[in-house]
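> need the 3D shape of this:
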Amino acid sequence: MNPRLRVNGTPWSPPAWMKDNGSLVGGRLIDDPRIYHTYAAYLVKFIEAYRANGVDVDTIAVQNEPQNRHPSGYPGADMPSWQEAKVISELGPMLRAAHLPTKILGYDHNWVEHPGDIQNTPADEVDDINAYPRNLVTSTAAKYLGGIAFHCYAGDPSAMTAFHKQFPTQDIYFTECSGVQSGDQTKTFGDTLKWHTRNLVIGAARDWAKTMINWNLALDPSGGPHVGG
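Take a look at the predicted model:
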């Protein structure tokens with residue numbers, strides 16, 4: 001209907017058989033070079049399948065909210081920056097070999113790390129606390145990155161300006177924010193409109209974001225549909 005629409009792909013979990021807990025909910029990618037290679041190939045197949053049906057995928061992340069390690073009943077995965085870098089290092093050359101212009105977005109999580117995620121940090125991920133984007137753009141995967149993506153559920157838009165000052169050549173994308181019901185639900189629409197205008201429509205643009213994606217644009221009267229959580 002509108003071929004000019006831009007599409008961003010962001011998986012909530014790798015396939016369960018690629019993970020150490022055998023489930024779409026929680027767990028990590030199995031730490032094996034064959035798994036990193038296979039997951040990257042899986043993402044390329046996704047992009048090619050969409051293109052075959054007339055839909056070009058403009059950008060793709062390799063994991064939605066990689067520090068949300070214990071999602072409430074919906075797909076998710078714990079993916080430390082060193083694992084994400086390994087997937088991206090496989091995916092970048094594959095995209096080039098397949099002549100696909102899709103850009104890879106790193107991180108795809110909050111402006112700052114959510115306190116609940118910090119509390120659940122495993123010992124081997126301490127270096128990622130409020131440093132995940134920096135660790136990605138200083139890794140060997142940096143040359144394949146098309147940008148760093150942020151969400152809204154902790155911190156504020158100024159974090160993107162702080163990141164831009166550190167890494168001015170890295171593009172910044174804002175890829176997710178949803179609303180919440182106000183304590184007085186009759187005020188939800190007004191409260192959401194004001195917060196989103198201040199922090200997303202204006203804030204994201206002022207703080208270097210190339211995009212602003214609202215998730216969801218519309219919900220039913222009971223706040224659905226949604227999966228878990």
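> how about Val227: what's its closest non-neighbour residue?
Distances taken as C-beta to C-beta, 6 or more residues apart in numbering place Tyr74 nearest to Val227, at 4.3 Å, with adjacent residues excluded. Every residue, glycine included, has its C-beta placed from N, CA and C.
> and the gap between the residue of the chain most remote from its centre and Gly106?
Most distant from the centre of the chain: Thr186, at 31.4 Å, with distances by C-alpha atoms, centre = their mean. Per C-beta to C-beta, to the nearest Å, Thr186 is found 40 Å from Gly106.
> show me what contacts Lys210?
Applying C-beta atoms under 8 Å, 6 or more residues apart in numbering to Lys210 gives the contacts Gly147, Asp171, Ile172, Tyr173.
> repeat the analysis, applying 10 Å as the threshold.
Lys210 is in contact with Thr59, Gly147, Ala149, Asp171, Ile172, Tyr173, Phe174, Ala204, counting by C-beta atoms under 10 Å, 6 or more residues apart in numbering.
> ok, which pair from the residues you listed is furthest apart?
Thr59 and Ala204 (15.5 Å; C-beta to C-beta).
> correct me, but Pro15 touches Phe46?
No - look at Pro15 against Phe46 with C-beta atoms under 10 Å: they stay out of range, at 11.2 Å.
> restricted to helices, list the contacts of Lys210.
Those of the contacts of Lys210 mapping onto helices are Ala204, per DSSP state H.
> could the contacts of Lys210 be laid out in CSV, adding distance to Val87 and neighbour count?
As requested, the contacts of Lys210 are exported to CSV (distance: C-beta to C-beta, whole Å; neighbours: other C-beta atoms under 10 Å):
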residue, distance to Val87, neighbour count
Thr59, 15, 22
Gly147, 16, 21
Ala149, 15, 27
Asp171, 19, 18
Ile172, 21, 22
Tyr173, 18, 26
Phe174, 22, 25
Ala204, 26, 24
